[in-house]
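J.: Next comes the sequence, and after it the predicted model I'd like to discuss.
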Amino acid sequence: MEYLNIFIKSAFIDNMVFTFFFGMCSYLAVSKTVKTAVGLGSAVIFVLVVTTPINYLLETLVLQEGALSWLGDEYATMDLSFLSFIMFIAVIASIVQLVEMLVEKFSPALYGALGIFLPLIAVNCAILGAALFMQQKQFANIGQATVYGLGSGFGWFIAIVLIAAIREKIKYSHIPGPMRGVGMAFLLTGLMGLAFLGFLGFEL
């Protein structure tokens with residue numbers, strides 16, 4: 001039940017897009033079709049599921065104060081938390097490179113459709129945001145951190161697929177000139193963010 005609560009909260013209540021507006025650049029740019037939105041959303045889920053537990057282990061076993069006590073008493077007071085930011089980014093960049101190679105090998109069409117936004121997952125603030133929030137929430141074990149990563153990725157996936165589906169439907173609608181494209185996407189995102197506020201207070 002605890003894991004389910006973490007998943008629901010990270011996916012719906014603390015949604016990376018609709019609550020914190022993280023990852024908006026790729027969210028807006030790649031959400032023109034459902035196909036590319038599903039591809040990028042799946043890649044984000046994979047990256048978060050892999051990087052969040054790795055960063056959790058890095059934080060608890062190496063970076064935080066006293067984490068290196070397993071090396072000996074002389075390391076018990078060492079605090080490497082100032083390296084958290086750069087270490088988290090290094091882990092994320094490595095996994096994103098792996099995802100990019102896998103997508104290019106097994107789905108060249110999707111790789112071409114995603115273009116520059118696939119390697120840009122490495123600087124997607126939703127990915128780094130999940131790592132920093134994981135650090136802030138101080139989860140009790142790696143299982144909770146992994147579920148948090150999965151829920152955050154699933155929430156971002158839902159957001160980009162929903163907006164892509166709506167943008168496909170309204171492509172041929174009569175929309176005033178100034179509101180076409182990104183303008184309408186921003187408006188829809190705001191309305192969807194208000195809708196997701198309905199999940200506040202929801203807990204099993």
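T.: Thanks, I have it. Numbering: from 1, shown residues only.

J.: what's the helix or strand bottoming out on mean pLDDT in the chain packed up against?
T.: Within the chain, no helix or strand scores below helix 108-114, which has a mean of 79 by mean pLDDT, DSSP states H and E. Packed against helix 108-114, as judged by 3 or more CB pairs under 8 Å, 6 or more residues apart in numbering; DSSP states H and E, are the following elements: helix 34-58, helix 84-106. For glycine as for every other residue, the C-beta is placed from the backbone atoms N, C-alpha and C.

J.: Pull out the buried positions in the last one.
T.: Across helix 84-106, burial judged by 16 or more other CB atoms under 10 Å covers 84, 87-89, 91-92, 95-96, 99-100, 103.

J.: Make CSV out of the helices and strands packed on helix 108-114 and add distance to Leu114.
T.: Formatted as CSV, these follow (distance: least, CB to CB, whole Å):
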stretch, distance to Leu114
helix 34-58, 6
helix 84-106, 7
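
J.: For Ile142, find the nearest of these.
T.: Nearest to Ile142 among the helices and strands packed on helix 108-114 is helix 34-58 (5.1 Å), distances taken as CB to CB.

J.: Let me know the average pLDDT across the closest one.
T.: In this model, helix 34-58 has a mean pLDDT of 90.

J.: Same check on stretch 158-169?
T.: Over the span of stretch 158-169, the pLDDT mean works out to 90.

J.: which stretches of the protein aren't confidently modelled?
T.: Along the chain, the parts satisfying pLDDT under 70 run over 123, 201-204.

J.: what's the longest helix in it?
T.: For the chain, the helix with the greatest residue count under DSSP state H is helix 142-169.

J.: by how many degrees do whichever helix or strand comes after that helix and helix 142-169 diverge?
T.: Counting by DSSP states H and E, the next helix or strand C-terminal to helix 142-169 is helix 182-196. Counting by axes from the mean of the first three to the mean of the last three CA atoms, to 10 degrees, helix 182-196 points 130 degrees away from the direction of helix 142-169.

J.: Buried residues, helix 182-196. List them.
T.: 184-185, 188-189, 192, 196.

J.: Could you give the number of residues near Leu4?
T.: Look at Leu4: counted by other CB atoms under 10 Å, it has 12 neighbours.

J.: Check which helix or strand it maps to.
T.: Assigned by DSSP H and E, Leu4 belongs to helix 2-8.

J.: after that helix comes which helix or strand?
T.: Using DSSP H and E, the helix or strand that directly follows helix 2-8 along the chain is helix 24-29.
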